[in-house]
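> take a look and give me a structure for this.
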Amino acid sequence: MLLNDSRLDVNCQDRVEQTPLLYALLHRKSSMACKILEHYDTSAIIKDDQGRTALWYAIDNCEERLIQQLLKKGSSIGDPDYTGFSPLSVAIDQGNLDSVNMLLSSMAQFGQRGRCFPTADADEMEPPLCLAVRKRQAKIACLLLSHGDQVNSRDFYQRSPLHIAVENGDIKNTAMLLSWDGIELNTTDLYGRTALHIAAELGHNVIFQLLLTGTGINLKAVDRDQRTVLHEASKNGNILMVEMLLRMKEVELNAKDIDGATALCLARDKQIIQLILAQDGVDVNAVGLTDTGALHHAVEDADFLTARILLQHVELNLNQMDHMEWTPLCHATFNGDLAMVELLLSRADIDVNKSNPSPLFIAARDGHVHIFNRLFRVQGVSLHQTWCGESPLEVIASRNRCEFVKILVEQHRKQDPGVSTSCVARALEVAKQWGHSDLIRLLLDISPSNGSARSHLHNP
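Now for the predicted structure:
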């Protein structure tokens, strides 16, 4: 009855700023909304306290008849609500191709293009094409592009539609965007990543191949950590991607990230490491964040084959120390890997005393008797080098490791003592403190002239 009253103000708003039309649409009373539109001069641009117009609600309700009426009244298809969602965004989010087509067809007629397709810095509204791609709506994405949406538009995170398609692993939308004129392949997101970086990071092989076929793809592009695509593919163990990249002349094999690491430093997959090592000019001495290089990794992973390939590079510095001041030989000793120790000792330029503690000290401390025996026979090895005030012999004495002293005794009998009297004396003092009489007897075989030591044996 009220709607028949000519004195009725149909544009009045309640406490939540809703007009009768907005209220009818919110509560899905489509027949009442139609009557208001047909018989009264109601405004189509008024917004409620959510920033939503009548068109926003009509699209949300999928009311095509009402949508057409509101468009004729000049309702904007690009005005966002408080969440940044415009009427066009709602239609895209629903995947409603008919509604999107209807809205875009009215766009040219009413000159709303700028508001429908905002620029990256216009506001925080998600560009329609970015939304369509994010929702995997390929047909809607094509429709938007055909009506002039920007193929290189950006969302809040500076992602282009191509970034989003790649991130989703969406082959269909990726292929469609790549076929579009003006597509920029090397734009970066908030983290400095190109679409190719993202494909490498997420392991999307098919998409990666598609991107590589693009004209002008930049394989030298770096993200905010200064990592190239080869860094990412190597770090993530993607053999296929690494193979594809290494076949391309533009790839920078020795590019370093923010920590100084090359792709070789980040690679942990054996096959990838060997692929990179097979390339001419590879830097085998590059190190990353913890000063660990390829040889350190190979030794830690007990990767004998990779270590052997690395040792064939004459420029390799196998005495390089990591952040712990450990050489690869230290790590091999710590792991109790005698085969790796033998391999490292095959190089004449190895320094068996470098690092703190020394490899000999580690072998003595951790009980690796076979490695201790092998290291002790290396010319120039020092039994006197201390760590935290202890020599390897004192560590042996405190732990009562008679089998280690027997190695020294054997060397002594070969007239190759390898240990000073003062070092034996200190070890004897340690053995006495612990009451290790058997070990004292063995030590006396090395230094029989030490009378005080003999008195310790008889008067513990």
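> what residues does the helix or strand hosting His296 touch?
Assigned by DSSP states H and E, His296 belongs to helix 294-300. For helix 294-300, contacts defined as CB atoms under 8 Å, 6 or more residues apart in numbering pick out 264-265, 267-268, 273, 277, 284, 286-287, 303, 306-307, 310-311, 316, 318, 320, 322, 328, 331-332, 335, 337, 340, 344. The C-beta positions use only the backbone N, C-alpha and C, and glycine is treated the same way.
> check those residues for burial and list the buried ones.
264-265, 267-268, 273, 277, 284, 286-287, 303, 306-307, 310-311, 316, 318, 320, 322, 328, 331-332, 335, 337, 340, 344 (16 or more other CB atoms under 10 Å).
> select from those residues every entry located in helices.
Counted as lying in helices by DSSP state H, out of these, are 264-265, 273, 277, 306-307, 310-311, 328, 331-332, 340, 344.
> for those residues, give me TSV that also has pLDDT and distance to Gly169.
Output for these, formatted as TSV (pLDDT from 0 to 100; distance: CB to CB, whole Å):
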residue	pLDDT	distance to Gly169
Leu264	96	28
Cys265	95	28
Ile273	95	27
Leu277	95	31
Thr306	95	31
Ala307	96	36
Leu310	96	36
Leu311	96	40
Pro328	97	39
His331	97	38
Ala332	97	41
Met340	98	40
Leu344	98	43
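> the closest residue to Val90 other than its chain neighbours: which element?
Nearest residue to Val90, sequence neighbours excluded (CB to CB, 6 or more residues apart in numbering): Ile59, at 4.7 Å. Assigned by DSSP H and E, Ile59 falls within helix 54-60.
> what's the next secondary structure element after that helix?
Downstream of helix 54-60 (by DSSP H and E), the next one is helix 64-72.
> picking up where we left off before, for the helix holding Ile59, which residues meet the burial criterion?
Ala54, Leu55, Trp56, Tyr57, Ala58, Ile59, Asp60.
> which elements pack onto that helix?
helix 20-26, helix 64-72, helix 87-94 (3 or more CB pairs under 8 Å, 6 or more residues apart in numbering; DSSP states H and E).
> need the contact partners of that helix.
By CB under 8 Å, 6+ apart, helix 54-60 touches 19, 21-22, 25-26, 33, 44, 46, 66-67, 70-71, 75-77, 79, 81, 85-87, 90-91, 94, 96, 99, 103.
> now a PyMOL select for only the buried ones of those.
Selection of buried members from these for PyMOL, criterion 16+ other CB under 10 Å:
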select buried, resi 19+21+22+25+26+33+44+46+66+67+70+71+75+76+77+79+81+85+86+87+90+91+94+96+99+103
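> Glu232 contacts Gly203, doesn't it?
No. Contact criterion CB atoms under 8 Å: Glu232 and Gly203 do not qualify, at 9.7 Å.
> what about these two, which has more around it?
Taking neighbours as other CB atoms under 10 Å, Glu232 and Gly203 compare with Glu232 leading, 25 against 16.
> from Leu104, how far out is that one?
38 Å (CB to CB, to the nearest Å).
> export the buried residues of helix 54-60 to TSV and tack on distance to Leu246 and pLDDT?
Shown next, in TSV, are the buried residues of helix 54-60 (distance: CB to CB, whole Å; pLDDT from 0 to 100):
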residue	distance to Leu246	pLDDT
Ala54	59	92
Leu55	54	93
Trp56	52	94
Tyr57	56	93
Ala58	56	94
Ile59	51	94
Asp60	52	93
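> in TSV, list those residues along with distance to Met241.
Shown next, in TSV, are those (distance: CB to CB, whole Å):
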residue	distance to Met241
Ala54	51
Leu55	46
Trp56	44
Tyr57	47
Ala58	47
Ile59	42
Asp60	43
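> count of neighbours near Val299?
Val299: 30 neighbours (other CB under 10 Å).
> now stretch 394-402: buried residues?
Those would be Glu394, Val395, Ile396, Ala397, Ser398, Arg399, Arg401, for stretch 394-402 by 16+ other CB under 10 Å.
> out of those, who's nearest Gln137?
Val395 (68.8 Å; CB to CB).
> contact partners for the closest one?
Phe361, Ala364, Arg365.
> need those residues in a markdown table with neighbour count and distance to Ile198, can you?
A markdown table is the format used below for those (neighbours: other CB atoms under 10 Å; distance: CB to CB, whole Å):
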| residue | neighbour count | distance to Ile198 |
| --- | --- | --- |
| Phe361 | 29 | 47 |
| Ala364 | 30 | 50 |
| Arg365 | 20 | 47 |
